[in-house]
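Engineer: Please find the sequence and the predicted model below.
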Amino acid sequence: MRKRKVFCNDGVMNIIMNTKRIVSINDIGEFLQGTKKIKIKTVSRSEKYRFISDTLIKLKYKQLNRPGKTLTKKYLRKITGYSPRQIKRLISKWRRGKLLASLEKIKSNRHKFPCKYGPIEIGLLAKADKALNYPNGRALKESLVREYEVFKKKEFETISKISVSHIYNIRNSNSQYQSTAMRYTKTNPAIVPIGERRRPDNQGKPGYLRIDSVHQGDFNGVKGVYHINVVDEVTQWELVGCVEVISEKFLIPLLEELLSQFPFRIINFHSDNGSEYINYQVAEMLNKLMIKQTKSRSRKTNDQALVEGKNGSVIRKHIGRNHIPKKYADAVNKFYQEHFNVFLNYHRVCSFATDYVDKRGKIKKKYDIYLTPYDRLKSLEKAESYLREDISFEGLDKIAYAESDIKFGEKMKREKDKLFKK
C-alpha cells in the first residue's frame, strides 16, 4: 500500500491513499487490524465517492458472503469517515449505478446564493457589536436599523436588513467577525466559594445538622412567615424557629439562638445551595462558633432527605399550609421555643433505621427502632462525652420526665389552638 500525502496532527492522519495493493478481504482484515488507533480522513466528497466505487468493483462486492460484506463496510467507514447508515445508502446507490452520477448532478445543479453580507457588512456588524458591548441579537438589529434610518448612515443600508438569527450565525462561525470582535459565548455560572460541596460523614456522632426553610404561603401577593427547621442527623433532635423574612436582620439572631439550644456540641452545618444560608454573614457566624459548613451536591436529592421529610411530617402536619401574616412571626417563634421544640425532642417518638445486608449483598435499611430524640441521644455509646460543658443528663431528665408524652402533647395542642385563634 503506497501513500501519496501524509499530514500527522495529534494521531489523526489526513491522507490521500492509493490502495492498489488491497485486493482481497484478507488484505482488508490486516489493514483494519493495523490501523485500530488511527483515524483516517480523505480530502473531498468526490474522492470518497470514487474510492467507494473503485473498492466495491475491485472486491466484487456483489459476490461476497455476509462476513466479507461486513468487513468491506468497516473498511469503507475507516477510510471515508462516513457512518454505517451513510455507507449503506451509498452502496445501495452504487448497486443502482447512480453513485458517481449523483456526484456530477450535485456539481451541475447546485444553487449558489449570492453573498449578501460581504467583508464590509461583516466589519460594520463587528464594529457595532463591539461598541455596544455585545447586546442580544434583537437589540443589535434595532441599533443597526437606527444607524441607517435615524442617523442616515448609508453604509448601514444592507446590514440593517439582517435577521436576528443570522446575527448569531455570524457571531458563532464567521472568521472575519471573530478576528475583530469578541466571540459570542454563554454566560459562565458564578462559583460561590462558601461551604464545601459534599455529604457530611457523621460516623455515628451527634452534632451534624441539616437545615432548611419552609415558607408559609402567600395571600393576595403578600408573603407569609418563614419557618427555619434544623435537624440533627444521628439523634433527629429537631429545633424549629420562625422569622418574618429571610434576611440578615432576622435570620442570623435566630440561627444563633437555635444553635445554642442543642444540648450537644455542633460539628457540621449542612444546607442546600439557597442564598439564605450560603452567604458571607452565615459563614462568618459559623466560623466564630467553629462549625464546619457544607452544602448539597448537584443531582443528589438524598443529601437533604431527612430535613425535607421533617418539613412535611412535622411543620406541615402541625402548622398546616394556610397563610400566616408576618406580624405573627414572634408569637409563632415563642410557641416553638416554649412548647413545640420540647414536645418534638422529649415526647415525640421517631423511627431509626438499622442497616443489614440482604442475600444479594446489598445494604438495606430496616426501621425497627422507635425512640424519642432524647432517648436516642442517651442510648449512644459514651453519650455524656458529646454534651456541652454546661449540660448534664440529670438536668435534661427533669425536662424529659416532668410530664408524660400524652399530657405534654395535650398541653402543646392547647397552646397551638390559642396561637391560631389570634
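Structural biologist: Received, thanks.
Engineer: quick one: buried residues of the biggest helix by length in the chain?
Structural biologist: Using DSSP state H, we find that the single longest helix of the chain is helix 405-421. Neighbour-count burial for helix 405-421, counted by 16 or more other CB atoms under 10 Å, picks out 408, 412, 415-416, 419. Backbone N, C-alpha and C define where each C-beta goes, glycine included.
Engineer: TSV please, covering those and showing pLDDT.
Structural biologist: Formatted as TSV, the buried residues of helix 405-421 follow (pLDDT from 0 to 100):
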residue	pLDDT
F408	91
M412	92
E415	93
K416	92
L419	92
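Engineer: Now do the SS call for E403.
Structural biologist: coil (DSSP: H, G, I helix; E, B strand; the rest coil).
Engineer: Which phi and psi values does it adopt?
Structural biologist: For E403, the backbone dihedrals (degrees, to the nearest 10) come out as phi -140, psi 160.
Engineer: Just the pLDDT for the residue nearest to the spatial centre of the chain.
Structural biologist: Against the mean C-alpha coordinate of the chain, by CA atoms, centre = their mean, the closest residue is S298 at 5.3 Å. Looking at S298, its pLDDT reads 81.
Engineer: V192 reaches I278, doesn't it?
Structural biologist: Yes. The pair V192 / I278 is scored as a contact, 5.8 Å apart, by CB atoms under 8 Å.
Engineer: Assign a three-state SS to M290, would you?
Structural biologist: Look at M290: counting by three-state DSSP, its state is coil.
Engineer: do you know how far it is from L380?
Structural biologist: Distance, M290 to L380, by CB to CB, to the nearest Å: 22 Å.
Engineer: the more surrounded of those two?
Structural biologist: L380 (16 against 9; other CB atoms under 10 Å).
Engineer: Let me see the contact set for that one.
Structural biologist: Counting by CB atoms under 8 Å, 6 or more residues apart in numbering, L380 makes contact with 204, 206, 234-235, 386.
Engineer: pull the helix or strand with minimum mean pLDDT from the chain.
Structural biologist: One helix or strand of the chain scores below all others by mean pLDDT, DSSP states H and E: strand 2-9, with a mean of 40.
Engineer: quick one: the closest residue to A126 other than its chain neighbours and V150, what's the gap?
Structural biologist: Spatially, and ignoring its direct neighbours in sequence, A126 is nearest to A181 (3.9 Å; CB to CB, 6 or more residues apart in numbering). Distance, A181 to V150, using CB to CB: 23 Å.
Engineer: neighbour-wise, which of the two wins?
Structural biologist: Neighbour comparison, A181 and V150: the larger count goes to A181, with 21 against 8 (by other CB under 10 Å).
Engineer: Surely the more buried one touches K130?
Structural biologist: Yes. At 4.8 Å, A181 and K130 qualify as touching, with contact defined as CB under 8 Å.
Engineer: Backbone torsions only: list them for F393.
Structural biologist: phi -70, psi -30.
Engineer: got a list of what A331 touches?
Structural biologist: Contacts of A331 (CB under 8 Å, 6+ apart): 419, 422.
Engineer: Can you tell me the SS state at it?
Structural biologist: The local conformation at A331, judged by three-state DSSP, is helix.
Engineer: separation between it and H166?
Structural biologist: In terms of CB to CB, A331 sits 61 Å off from H166.
Engineer: Over to I28?
Structural biologist: 46 Å.
Engineer: ok, back up a step: mind listing the shared neighbours of V192 and I278?
Structural biologist: By CB under 8 Å, 6+ apart, no residue touches both V192 and I278.
Engineer: Spell out the residue ranges of the helices in the stretch 251-400 of the chain.
Structural biologist: Assigned by DSSP state H, counting those that start in this stretch, the helices in the stretch 251-400 of the chain fall at 280-288, 305-310, 317-319, 329-335, 341-346, 373-379, 393-400.
Engineer: starting at the chain centroid, how far to the shortest one?
Structural biologist: So that's helix 317-319. On the basis of CA atoms, centre = their mean, to the nearest Å, helix 317-319 sits 32 Å off its chain's mean C-alpha point.
Engineer: Okay, buried residues for it please.
Structural biologist: Quick answer for helix 317-319 (16+ other CB under 10 Å): I319.
Engineer: Can you tell me which helices and strands that helix packs against?
Structural biologist: Applying 3 or more CB pairs under 8 Å, 6 or more residues apart in numbering; DSSP states H and E, one finds that helix 317-319 contacts no other helix or strand.
Engineer: Show me the contact partners of that helix.
Structural biologist: By CB under 8 Å, 6+ apart, helix 317-319 touches 216, 227, 332, 340, 416.
Engineer: Of these - the most surrounded one?
Structural biologist: Neighbour tally across the contacts of helix 317-319 (other CB under 10 Å): the maximum, 26 neighbours, falls on F340.
Engineer: Distance check, that residue against H318.
Structural biologist: According to CB to CB, F340 stands 7 Å off from H318.
Engineer: Now list whatever residues contact both of these two.
Structural biologist: Residues touching both F340 and H318 (CB under 8 Å, 6+ apart): K416.
Engineer: What count of nearby residues applies to N26?
Structural biologist: Neighbour count for N26, taken as other CB under 10 Å: 10.
Engineer: Look up the pLDDT of the nearest residue to K58 once chain neighbours are set aside for me, please.
Structural biologist: Spatially, and ignoring its direct neighbours in sequence, K58 is nearest to V23 (6.3 Å; CB to CB, 6+ apart). Predicted confidence (pLDDT) for V23: 72.
Engineer: repeat for L100
Structural biologist: As predicted, L100 sits at a pLDDT of 79.
Engineer: quick one, what contacts it?
Structural biologist: The neighbours of L100, taking CB under 8 Å, 6+ apart as the test, are 49-50, 53.
Engineer: ok, of these, which one's closest to K327?
Structural biologist: Using CB to CB, Y49 is the member of the contacts of L100 that lies nearest K327, at 79.7 Å.
Engineer: Got phi/psi on that closest one?
Structural biologist: The phi and psi torsions at Y49 (degrees, to the nearest 10) take the values phi -60, psi -40.
Engineer: re earlier: make a markdown table from the buried residues of helix 405-421 and add distance to L32 to it.
Structural biologist: Output for the buried residues of helix 405-421, formatted as a markdown table (distance: CB to CB, whole Å):
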| residue | distance to L32 |
| --- | --- |
| F408 | 79 |
| M412 | 78 |
| E415 | 81 |
| K416 | 77 |
| L419 | 79 |
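Engineer: Out of those, which comes closest to N220?
Structural biologist: L419 (22.3 Å).
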